[in-house]
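Engineer: got a structure for you, letters missing:
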């Protein structure tokens, strides 16, 4: 077995929870695009070259209301600002990835970040290919769901209100799986505590960015202690 096939075989089981969420949410996105007059090919193309999850749902409204460059840029920065923190956290893991690195950076979604932070590369599996296939499989699920949703949306329509809760449910599953791993509790508790504090201080509409900043600062300050205890997960 080649190292690529070995890495693919190791990465696929890890991505199954994401597959369930991405197919479902991708279908919802494809249906919304179809309802706005964009066929399945446009949905799949956006998922291929944009691949921004929640921002793609926002983009459906932007496309239907007319394109405004400044508004679109600012909205994209606000919605995806959390990826700045993800990127900083992955600097060590992505070091030395060579030609794989540009795609790994492009494909770093919320769920892929969670998987790569909590996953341990199996013994004998090439780390670079393992990371690449984990990221690639997640994007393939999203593209497939988007295309399927566009096809289904051309046949029937239904009320999609509340369907995006599947993303929240997916995060709960990933968090629970990470919590069950030995030594993963301190970073998780930091994240929960920082989020609750910022939620109380800034409210539900404005707490995300302050919470991400507080989490990042806390993990930087506690990084040495977590490493000494063998508890750093990302």
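Structural biologist: Arrived safely. Treat the numbers as computed from the prediction; the structure is a model and nothing was measured. Residues are numbered from 1 along each chain as shown.

Engineer: Let me know the next secondary structure element after the least confident helix or strand in the chain by mean pLDDT.
Structural biologist: Least confident helix or strand, the chain: helix 165-179 with a mean of 69, by mean pLDDT, DSSP states H and E. Sequence order places helix 185-202 as the next helix or strand after helix 165-179, per DSSP states H and E.

Engineer: Which neighbouring elements make contact with the helix or strand just after that following helix?
Structural biologist: Heading C-terminal from helix 185-202, the first helix or strand you meet, by DSSP H and E, is helix 208-228. Helices and strands touching helix 208-228, as assessed by 3 or more C-beta pairs under 8 Å, 6 or more residues apart in numbering; DSSP states H and E, comprise helix 82-89, helix 185-202. Backbone N, C-alpha and C define where each C-beta goes, glycine included.

Engineer: which residues are in contact with the first one?
Structural biologist: Around helix 82-89, the neighbours that count as contacts under C-beta atoms under 8 Å, 6 or more residues apart in numbering are 105, 108, 110, 113, 117, 208-209, 212-213, 215-216, 219, 234.

Engineer: any idea which helix or strand carries residue 116?
Structural biologist: Counting by DSSP H and E, residue 116 is part of helix 110-118.

Engineer: Thought residue 42 was touching residue 146, still the case?
Structural biologist: No: using C-beta atoms under 8 Å, residue 146 is not in contact with residue 42, being 9.2 Å away.

Engineer: So for these two, which sits in the more crowded spot?
Structural biologist: A side-by-side neighbour count of residue 146 and residue 42, using other C-beta atoms under 10 Å, places residue 146 first with 30 against 18.
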